[in-house]
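# The following comprises the amino acid sequence and a computationally predicted model.
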Amino acid sequence: MNWPQIELTDVERFRALAAGVPGAAVTERVLPGEPDRVKAMLTDLEVFAEIQADLVSVTLEQRDGDHVVVLAKGARGQRARLEGQLRPGWCWLQSRFLIIGMAAAAEPGGGTRVALTGGIRVPGRAAILSLGVRRESKKTLDRLEDLLTS
């Protein structure tokens, strides 16, 4: 039997992953920038820390291919050891109490679509508290757009 084949972009794959996490609110925007440039910025940990609304620093602790362990420091002094995937066009990092996710893909007609989610994890469950997630994601997209246009 010949099953249909479909190719998904990283943003489409990201939407599917986020849909499986209760409370995960995905915020998207098409940004003016070549996909390769945007993807490179999202995987550069210095830029990553600069654009994430609540982070002041992100330090790479381990890397094995696209699997990473990073230490993140928040604006209020909180710290998290996040583990997950980080590669051009894709980021999904989790700690015991936090999830950060980003994806980017070329947008038909020009620009790059960027999708974000994240938030505080509900202990013992695969769920995110959605308080302020869209507001923080909007700030992150604003910061990324400012970097792309400056």
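Received it, and whenever you're ready, just let me know what you need.

# Please report the separation between the first and final residues of stretch 12-32.
Using Cα to Cα, to the nearest Å, the gap from the first to the last residue of stretch 12-32 comes to 19 Å.

# swap in stretch 59-76?
Stretch 59-76: ends 17 Å apart by Cα to Cα.

# Same question for that stretch: list its buried residues.
Across stretch 59-76, burial judged by 16 or more other Cβ atoms under 10 Å covers 68-70, 72-73. Bear in mind the C-beta positions are built from the backbone N, C-alpha and C, glycine included.

# So which bits of stretch 125-144 are buried?
Of the residues in stretch 125-144, those with enough neighbours to count as buried (16+ other Cβ under 10 Å) are 127-128, 133, 136-137, 140-141, 144.

# quick one: which of those residues is nearest to residue 81?
Relative to residue 81, the closest of the buried residues of stretch 125-144 is residue 128; by Cβ to Cβ it sits at 17.8 Å.

# give me the beta-bridge partners of the spatially most central residue of the chain?
Taking Cα atoms, centre = their mean, the centroid of the chain lies closest to residue 102, which sits 2.0 Å from it. Here residue 102 shows beta-bridge partners residue 91, residue 116, assigned using DSSP bridges.

# The helix or strand of the chain with the lowest mean pLDDT pairs with which strands, and in what direction?
Here the helix or strand of the chain ranked lowest by mean pLDDT, DSSP states H and E is strand 128-129, holding a mean of 80. The strands beside strand 128-129 in its sheet (DSSP bridges) come out as strand 112-121 (antiparallel).

# Quick one: mean pLDDT over the partner strand.
Within the predicted structure, the mean pLDDT of strand 112-121 is 92.
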